[in-house]
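S.K.: build me a structure from this.
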Amino acid sequence: MNTLNPLTVEEANENSQAIFAKLKSKIGMLPNLYATMGVSDKLLGGYLTFVDTLKSGEFSNKEYEAIALATSQANGCIYCLSAHTAIGKMNGFTEEETLELRAKTIEDQKLNALVSLVSEIIDSKGYPSESTTTNFFNAGYSKAAFAELIAATALTTITNYIYHNGSFEIDFPKAQSL
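M.R.: A predicted model of the protein is given here:
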């Protein structure tokens with residue numbers, strides 16, 4: 001079902017048009033995901049503000065992309081897997097590492113603890129096991145990071161669900177299947 005579709009600039013309301021212009025200026029394009037989220041300027045504006053706030057928090061850009069990749073893998077969102085594979089590579093991951101993050105086989109124990117917790121949070125509907133949570137803390141993460149991981153997972157899930165209900169064109173190089 002394609003309930004949500006990308007808006008053109010002309011179709012968007014004034015507030016979404018302003019957000020679209022800022023996005024084009026910042027990243028050089030208006031991704032179809034954001035053009036779709038622009039159906040509600042409150043959704044798009046609030047989402048982008050929350051993402052910017054979280055990206056100034058406990059996680060590095062690479063860790064944030066690892067969270068987004070693990071979330072998108074668990075939620076089966078090829079659009080977001082494609083976008084975050086490209087962004088992950090811009091932040092220093094190799095193609096192989098993006099696949100390892102998604103499969104929870106990355107050798108870096110800290111990143112593995114991170115993506116394992118993300119996957120378990122999604123699979124358990126928010127009730128990760130004590131052992132997975134303890135492993136996350138033992139890897140060096142704080143309670144603030146735990147809370148922000150929940151928020152980052154939820155934000156990525158929003159974009160996954162927008163795509164699931166729009167199935168618009170993927171405007172990034174398509175991510176490999178596992």
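S.K.: contacts only, for Thr8.
M.R.: With contact taken as Cβ atoms under 8 Å, 6 or more residues apart in numbering, Thr8 is in contact with Ala35. From N, CA and C alone the C-beta is placed, and that goes for glycine too.
S.K.: oh, I was asking about Gly57
M.R.: Contact partners of Gly57, counting by Cβ under 8 Å, 6+ apart, are 144-145, 148.
S.K.: tell me the one among those residues nearest to Glu96.
M.R.: Ala145 (25.5 Å; Cβ to Cβ).
S.K.: quick one: buried residues of the helix or strand where the closest one lies?
M.R.: Using DSSP states H and E, Ala145 maps to helix 143-164. The neighbour-count check on helix 143-164 (16 or more other Cβ atoms under 10 Å) flags 145-146, 148-149, 152-153, 155-157, 159-160, 162-164 as buried.
S.K.: surely Glu95 and Gln176 touch.
M.R.: Yes: in this structure, Glu95 is within contact of Gln176 by Cβ atoms under 8 Å, at 7.4 Å.
S.K.: so which elements touch the host helix or strand of Leu99?
M.R.: Leu99 is part of helix 95-103, with elements assigned from DSSP H and E. Packing partners of helix 95-103 (3 or more Cβ pairs under 8 Å, 6 or more residues apart in numbering; DSSP states H and E): helix 61-75, helix 78-90, helix 109-123.
S.K.: list the buried residues for it?
M.R.: Applying 16+ other Cβ under 10 Å to helix 95-103 flags 97-102 as buried.
S.K.: do the same with stretch 74-82
M.R.: Those would be 74-75, 77-82, for stretch 74-82 by 16+ other Cβ under 10 Å.
S.K.: got it, and stretch 55-72?
M.R.: Buried residues in stretch 55-72 (16+ other Cβ under 10 Å): 58-59, 62-72.
S.K.: next, the distance between the ends of stretch 9-20.
M.R.: Start to finish, the residues bounding stretch 9-20 are 7 Å apart (Cα to Cα, to the nearest Å).
S.K.: quick check: buried residues in that stretch?
M.R.: For stretch 9-20, by 16+ other Cβ under 10 Å, it's 12, 16-17, 19-20.
S.K.: got it, and stretch 108-116?
M.R.: 111-116.
S.K.: nearest to Leu30 among those residues?
M.R.: So of the buried residues of stretch 108-116, ranked by how close each gets to Leu30 (Cβ to Cβ), first place is Val115, at 29.1 Å.
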